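1. Predicted model and sequence below, questions to follow.
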Amino acid sequence: MIELNLQFLSFMAAAVLVVIGLGGMLFLDNLIKKIIAFTLLSDGVNLALVTLGYVEGGIVSILEPGTSGAAFPTNAVLIFGPGIVLTNIVIGVSTTAVLVAVTMVLYQRYGTLKASKVLKGERK
Amino acid sequence: MNESISNLWSIPLFIIIPILAAILLNVLYSRKRAISVTAVVSSLALIVVSVLSPFGFHWFTGQPAVLPTGGYTYRADLLGWNLALEYYYGPLQQIAIFLASVLLLFVVLIAINSLKKNTGTYISLLFLTFMSAAIVIMVNDFYHLWIGVEIGSLIVAGVVLATGEAVSQKAALKYTFFSALSGAGLAIALALILGVTGYANISDAIIAMPLNDASLASVLYVAFGFTVLSWIYAGGLAPIHPLKADVYGSAFPHATILLQTQSKLMLVAIGLVILRLFGTLPFAKEVMLSVSVLTMMIGVVMAMLQTDFRWTLAYLIVSHSGLVTLGISLGTVQGIIGGLFQAVNDVVYMSVLLLACEGIYYFGRGTSIKTVSGIAKRAPWLAVAAIIGAFAASGVPPFNGFQSEIILIQASLNYGMPELAIVVLMVSVTTFIALFKGIYNIFLRPDDAPQAGEKQGMPVPRMLYVCLAALIFITILFGVYPQLAINFLNEAALKVVYIPWVP
């Protein structure tokens, strides 16, 4: 029996975001919608990374005076996940910027946002 | 290993110099003289650092490894934990970064001489391409590996966009979309490995890998799958090869030299990481071998069908990536040496062919084998260079391609799979046919220009000939004295097979 705790639900939400994002990127024809789908996919990955470090009743991962040295490793949340998320947000913004810039240039050239027409080189 | 040379200050210079150069070049923007000086000095500095830097490690936190018995050590060859974010500079990294920095210098010199305006931004992208390749080849943690691949993908899109052609813009768009997918995949793989082992450092993760825990087998396979996806993407392997071929075919030929170098280094680096982390998983090597055979076959068939020499080369680069992955996928010492040597040789002889292609563009105002002809009369040395490059790529002795391909054939036979050796031979023969179809039409077919003087061409930068001569020298040198390169590759191959937790 799978226990419906917060971490499991969070992983499920991340999986749903990844699937929606992936589906959108692969099957939607509009370039702007594809870019939005990419941001959903990126959010799903970020949520998975944050959830990974979750510890039920955990403590902040800073060893302060008075914190029990023995309890710290088991109770402290894993901080590497949120650290990666910060990087992923920066990379996500950069990727989105490049995608939007190229989409704008292609729109000016072809007058359409439909990926099927743009990639074939057809005008609107 | 000497503890005093650990935490080397020279290793971050491979990242710091290109970043500083990129910032400065962007600021200079179109001041040609200042751009030339900055770019050449920075490239030379990278070559000097790659030669002079001792072998060793750099830990980003400066934190040493914790021994299982208690105490600390800076010696990564001991079984330690928590090495954290780490770069390693060894013989493999030295030859790879040295070659990449020499090629960067050549590409920068040609770009300065051939492009007319706004070269600062473009050349800064070339430096960042080098930087991403250097990160990936030196890294021993999943975090930097992921960042290196992600940054590399975005920069490739920028380099391709620099041509300003519609075909380049489409190639960049497709490539960036897929980079988003593969980057997300690598991030998930990182998360899964972190979750299963508790470590992002690859050495630590290998030691902590729960290979005997059946309940975690599915997680490991998913992590393996996502890492292979990013390997396929970064290296341009089948079935995502058309994306990479589009990128190679639509960038400036001189830029393609650096793009294919970056791609080969990523292919090698990620391939070795997969082998170290997942090599003992059942079916892992079979999956890798299938990808390499598929890439080789599809690449050469597509190369045969092309009518533009630039696109022929684009598909041959993809196909020869399959040769590199074949060696690595075998997972034996001989196979890995063959794969690594093939990567080194491939970078060199494909650079000869790409520079020859750039020369063809100057002489014939295009690279189509249907419209360009009779170049040999006007540029006999360019014809000689193209023929030498084609011989090397086809594995004809005494050029470098022959030496690495013979090792790959021997490794396949010793592995007990003669069919792989036959595939390597087929790739060699088909490469020969595809290249000489183009070379015959472009260089040797009588010039069919209706009026004399119509095909005057453009002035060829003299630097192109100098670079060609230097690369041909390396092609012959590694062909006659293969041990010169193999000496740098032995250590990496032995470590991967016998002590995979040591970078």
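-> Alright, I've got the coordinates. The model shown is predicted, which means the values in this text are computed figures rather than measured ones.
2. use CA for all of it now, contacts and neighbours both
-> Noted.
3. hmm, the helix-or-strand element of chain A with minimal mean pLDDT in reach of chain B?
-> Across the helices and strands of chain A, mean pLDDT, DSSP states H and E gives its lowest value to helix A:72-75, namely a mean of 72. No. Using CA under 8 Å from any CA of the partner chain, helix A:72-75 never reaches chain B; the gap is at least 11.7 Å.
4. What's the first helix or strand after that helix?
-> helix A:80-110 (DSSP states H and E).
5. Quick one: list the elements packing against the helix or strand just after that next one.
-> Per DSSP H and E, the first helix or strand lying C-terminal to helix A:80-110 is helix A:115-120. Contacts defined by 3 or more CA pairs under 8 Å, 6 or more residues apart in numbering or on different chains; DSSP states H and E place helix A:115-120 against no helix or strand at all.
6. what does the stretch 151-300 of chain B put close to chain A?
-> Counting by CA under 8 Å from any CA, the stretch 151-300 of chain B sits next to chain A at B:151, B:154, B:166, B:169-170, B:172-173, B:176-177, B:180-181, B:184, B:187-188, B:191, B:195.
7. Just those: which are in helices?
-> B:151, B:154, B:166, B:169-170, B:172-173, B:176-177, B:180-181, B:184, B:187-188, B:191, B:195 (DSSP state H).
8. and those residues, which two are the farthest apart?
-> Farthest-apart pair in those is B:166 and B:195; separation 43.5 Å (CA to CA).
9. Any of the residues of the stretch 151-300 of chain B next to chain A buried? List them.
-> B:151, B:154, B:166, B:169-170, B:172-173, B:176-177, B:180-181, B:184, B:187-188, B:191, B:195 (16 or more other CA atoms under 10 Å in any protein chain shown).
10. Quick check: residue B:228 touching residue B:272?
-> No. Counting by CA atoms under 8 Å, residue B:228 sits too far from residue B:272 to count as a contact (11.3 Å).
11. Would you quantify the distance from residue B:178 to residue A:32?
-> From residue B:178 over to residue A:32 the distance is 15 Å, taken as CA to CA, to the nearest Å.
12. Residue B:256 now?
-> Here the criterion is CA to CA. By it, residue B:256 lies 29 Å from residue A:32.
13. cool, residue B:90 as well?
-> 45 Å.
14. Phi first, then psi, for residue B:59.
-> For residue B:59, the backbone dihedrals (degrees, to the nearest 10) come out as phi -100, psi 130.
15. That one reaches residue B:86, doesn't it?
-> Yes. Contact criterion CA under 8 Å: residue B:59 and residue B:86 qualify, at 4.6 Å.
16. In PDB, could you pull the C-alpha coordinates for stretch B:108-116?
-> Only the C-alpha atoms of stretch B:108-116 are listed here, as PDB (Å, rounded to 0.1, in the frame of the first residue of the first chain):
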ATOM      1  CA  VAL B 108      39.500  32.400 -34.100                       C
ATOM      2  CA  LEU B 109      42.300  33.300 -36.600                       C
ATOM      3  CA  ILE B 110      40.100  32.300 -39.500                       C
ATOM      4  CA  ALA B 111      37.000  34.100 -38.100                       C
ATOM      5  CA  ILE B 112      39.000  37.300 -37.600                       C
ATOM      6  CA  ASN B 113      40.300  37.100 -41.100                       C
ATOM      7  CA  SER B 114      37.100  36.200 -42.900                       C
ATOM      8  CA  LEU B 115      34.300  38.000 -41.000                       C
ATOM      9  CA  LYS B 116      33.800  41.700 -41.700                       C
END
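17. what is the rounded mean pLDDT of it?
-> Averaged across stretch B:108-116, pLDDT comes to 86.
18. cool, and stretch B:49-57?
-> On average, stretch B:49-57 scores 91.
19. What does the pLDDT read for the most centrally placed residue in chain B?
-> Residue closest to the mean C-alpha point of chain B, counted by CA atoms, centre = their mean, is residue B:264 at 2.0 Å. The model reports residue B:264 with a pLDDT of 93.
20. and if you look at residue B:190?
-> So, for residue B:190, pLDDT stands at 87.
21. The one 4 residues further on too?
-> According to the model's per-residue confidence, residue B:194 sits at a pLDDT of 82.
22. so who does it touch?
-> Neighbouring residues of residue B:194 by CA atoms under 8 Å, 6 or more residues apart in numbering or on different chains: B:200, B:205.
23. one more time with 10 Å
-> A:49, A:52, A:53, A:78, A:80, A:81, B:142, B:188, B:200, B:201, B:202, B:205 (CA atoms under 10 Å, 6 or more residues apart in numbering or on different chains).
24. Likewise for residue B:498?
-> Contacts of residue B:498 (CA under 10 Å, 6+ apart): B:276, B:332, B:333.
25. Residue B:276 now?
-> Residue B:276 touches B:202-203, B:205-206, B:270, B:331, B:495-503, counting by CA under 10 Å, 6+ apart.
26. what's the farthest-apart pair in those?
-> Taking CA to CA, no two of these sit farther apart than B:205 and B:331, at 19.3 Å.
27. still on that earlier bit, can you tell me which of the contacts of residue B:276 are buried?
-> Looks like the contacts of residue B:276 have B:202, B:203, B:205, B:206, B:270, B:331, B:496, B:497, B:500, B:501, B:502, B:503 buried, using 16+ other CA under 10 Å.
28. and which of these is nearest residue B:430?
-> Residue B:430 has its nearest neighbour among the buried ones among the contacts of residue B:276 in residue B:331, at 26.0 Å by CA to CA.
29. ok so, going back, higher neighbour count, residue B:228 and residue B:272?
-> More crowded of residue B:228 and residue B:272, by other CA atoms under 10 Å in any protein chain shown: residue B:272, with 26 against 23.
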